[in-house]
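**Student:** the following block contains a protein sequence and its predicted model.
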Amino acid sequence: MSLLHQGSLFGESPHYLAQDERVHASSLRELLGQINRDSCTVDTLGLRQYFERRPDGIRTCFQRAERLPAGFDLYEDGGCLRTHRRDLLPPPAGPLLPLLEERTVALLAGAKNVAVALSGGLDSALVLSLVRRLTGRAVPILTIATGLPGYCELEETLTTARTLDCGAVDVIQVESAQIIDALPDAIAVCETPLFNLHPVSKLLLAQAAAQRGFDAIITGDGADQVFAGSDARNYIPIAGAMVRASGVKLLSPFFDERIAAWAGHHGTDPGKTALRHAAAAVLPSEITQRKKHPRLAPDFLLENFRDETLEAQLAPQLDLRLPAAGPGPEQTLWATTAILIRHLGGIC
């Protein structure tokens, strides 16, 4: 067998394949362009998984087009495509913090001009602290501010920066209208329906980073998956595609297989106890003990993106009732499905 494409631990660098046609690509659009047009037929089973918020990490919304599963590599074997799960690394010996430092050094070595993307939680605060300690200097910090009640983390983010004596934070102000206006571009690059527009903020952040001349952002993404066992499939591949499309690298020490091997050996738990214990050596307790508050974007009115004809065709096939008028996750799913199918020229 010969290696065609090395996959990513959580699918943060999405890749696609069509087994029968023996082709693969980094985007669905590119893949579908290499195979017959009837392959743009909607896969109702795959689409239903997104409506149920349980994608299996393999099916896409289009027939004969598959996603390379997270943690798998793609090989050519006798003219056929084969996916193969990478062997798990043995768990590294020793404590977690030195391992995190080692892997963060390796990440920084591969980026010319990197900024820390800071949110209000523990994970990005730890990454910021590590980067500052390892570089011995102030580092650029970017954060998104929406001003939306219950969603915006600016207060927590600025508190973290002050606590760590980090100096200025580059605050990227984003209005609701900008999130909605960016939705078609966001769906075009993530190539999946969304039930909430939270990932669009990652696209806007990455675009702002690119405009400022950064070639990479380093984040705390993946920590929940590695240390709390959270499912990556509804967010990490989407965020990865958003950042990649902006010409920026998405970096995180928590995407490293050595970190995942360490966590798997020591056990995961919803409170991320092992990570909090390691962070206590470099962060004050008000940050290490900060509780996780999952934040979704508020539901926006997306009626203008919906397609009545498409919905009339798809709803019976999906065995779903159409949602009543007004914002909500179901309306968001129908709106983003319409955008996706129009973008890729899908047929029902």
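**Tutor:** Yep, it's here.
**Student:** is residue 3 bridged to anything, and to what?
**Tutor:** residue 75 (DSSP bridges).
**Student:** so it makes contact with residue 75?
**Tutor:** Yes - the pair residue 3 and residue 75 passes the contact test of C-beta atoms under 8 Å, sitting 5.8 Å apart. For glycine as for every other residue, the C-beta is placed from the backbone atoms N, C-alpha and C.
**Student:** what sits against the closest residue to residue 80 other than its chain neighbours?
**Tutor:** Spatial nearest neighbour of residue 80, chain neighbours left out: residue 22 (6.7 Å); criterion: C-beta to C-beta, 6 or more residues apart in numbering. Residue 22 makes contacts with 79-81, as judged by C-beta atoms under 8 Å, 6 or more residues apart in numbering.
**Student:** who wins for neighbours among those?
**Tutor:** Neighbour counts for the contacts of residue 22, by other C-beta atoms under 10 Å, peak at residue 81, which reaches 20 neighbours.
**Student:** give me the element it is part of.
**Tutor:** strand 80-85 (DSSP states H and E).
**Student:** picking up where we left off before, next one: the residue nearest to residue 80 from residue 66, what distance?
**Tutor:** Per C-beta to C-beta, to the nearest Å, residue 22 is found 12 Å from residue 66.
**Student:** helix/strand/coil for the nearest residue in space to residue 96 that is not next to it in sequence?
**Tutor:** Distance criterion C-beta to C-beta, 6+ apart; nearest residue to residue 96, sequence neighbours excluded, is residue 278 at 4.1 Å. Assigned by DSSP: H, G, I helix; E, B strand; the rest coil, the conformation of residue 278 is helix.
**Student:** so residue 278 touches residue 98, yeah?
**Tutor:** No - between residue 278 and residue 98 no contact is recorded; they are 9.2 Å apart, counting by C-beta under 8 Å.
**Student:** higher neighbour count, the two?
**Tutor:** A count of neighbours by other C-beta under 10 Å puts residue 278 above the other of residue 278 and residue 98, at 21 against 11.
**Student:** phi, psi for the residue nearest to residue 80 please.
**Tutor:** When read as degrees, to the nearest 10, the backbone of residue 22 gives phi 60, psi 40.
**Student:** residue 140 and residue 115 touch, don't they?
**Tutor:** Yes - if you go by C-beta under 8 Å, residue 140 and residue 115 touch, sitting 4.1 Å apart.
**Student:** between those two, what contacts are shared?
**Tutor:** Common contact partners of residue 140 and residue 115 (C-beta under 8 Å, 6+ apart): 170, 212, 214.
**Student:** ok, now which ones touch the last one?
**Tutor:** Residues counted as contacts of residue 214 (C-beta under 8 Å, 6+ apart) are 113-115, 140, 142, 248.
**Student:** where do the strands of the stretch 51-200 of the chain begin and end?
**Tutor:** When secondary structure is read from DSSP state E, counting those that start in this stretch, the stretch 51-200 of the chain shows strands at 66-67, 72-77, 80-85, 114-117, 141-145, 170-173.
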